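K.L.:
let's see this in three dimensions:
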Amino acid sequence: MSDNARWATVSTPDGPFTIIADDTERVLASGWVDDADYLAALIHSRIQPETVRQSPLPSLTDAVEAYYAGEHDLPMGVPVRQHSGEFLMHAWEVLRTVGAGDVVTYSDFAQLAGNAPAIRAAASACARNAAALFVPCHRVVGKTGKLTGFRYGVDIKQSLLEREAS
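P.N.:
This next block holds a predicted model:
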């Protein structure tokens, strides 16, 4: 991986959305903040870029704008690069198969990831996901359907789910 990364912010109805990407435009981190340093801290140390500079990322910001324009599954086609243990890496890929408008419980997510008893590990995959929206951890809910645990707040999670359901 290159020692350099770029970041860009786009305005959304849910607030500013910032993306950090490597030199091949794979998303390293993203979320509803306008603070690239906050997001950079979420990138695993093994793939942490040496420098992160502001620069346009039109293909990525266009994908976010398309999501908000109604193309809710478009971000799932954007390349993402995260790093962790085998289960989390697999779980993040599995999350990308949960379609817009669908929700799964943490139990369902653990089962989809091939380890039904690993409910806490599934929750950890959501908590440690640095590439929000592109790896849609907002589509995972509590066993009663309650909206729980989202780094950017339950209000944004609810907004995203309502947008995708309509």
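K.L.:
leaving out sequence neighbours, find the closest residue to T148.
P.N.:
With CB to CB, 6 or more residues apart in numbering as the criterion, T148 has its nearest non-adjacent residue at 4.6 Å, and that residue is G142. Every C-beta, even on glycine, is put in place using the N, C-alpha and C of the backbone.
K.L.:
and E50, its phi and psi?
P.N.:
According to degrees, to the nearest 10, the main-chain angles of E50 amount to phi -70, psi -40.
K.L.:
sorry, back to before: distance of the residue nearest to T148 relative to T105?
P.N.:
Distance, G142 to T105, using CB to CB, to the nearest Å: 7 Å.
K.L.:
which neighbours do those two share?
P.N.:
Here G142 and T105 share no contacting residue, scored by CB atoms under 8 Å, 6 or more residues apart in numbering.
K.L.:
and the two? Which one has more around it.
P.N.:
The neighbour comparison of G142 against T105 (other CB atoms under 10 Å) goes to T105, with 17 against 13.
K.L.:
quick one: pLDDT of that one?
P.N.:
Note on T105: pLDDT of 94.
K.L.:
and stretch 11-21, which residues are buried?
P.N.:
For stretch 11-21, the buried set under the neighbour-count rule, 16 or more other CB atoms under 10 Å, comprises 12, 14, 17-21.
K.L.:
farthest pair within the residues you listed?
P.N.:
The distance between the two most remote of the buried residues of stretch 11-21 (CB to CB) is 20.0 Å, for D14 and A21.
K.L.:
go ahead and flag the most central residue of the protein.
P.N.:
Centroid-nearest residue in the chain, with CA atoms, centre = their mean: A132, separated by 1.9 Å.
K.L.:
with adjacent residues omitted, what lies nearest to H44?
P.N.:
The spatially closest residue to H44, leaving aside those adjacent along the chain, is H83, at 4.0 Å (CB to CB, 6+ apart).
K.L.:
ok, residues contacting stretch 64-73?
P.N.:
10, 12-13, 17, 19, 74-75, 99-101, 133, 163-164.
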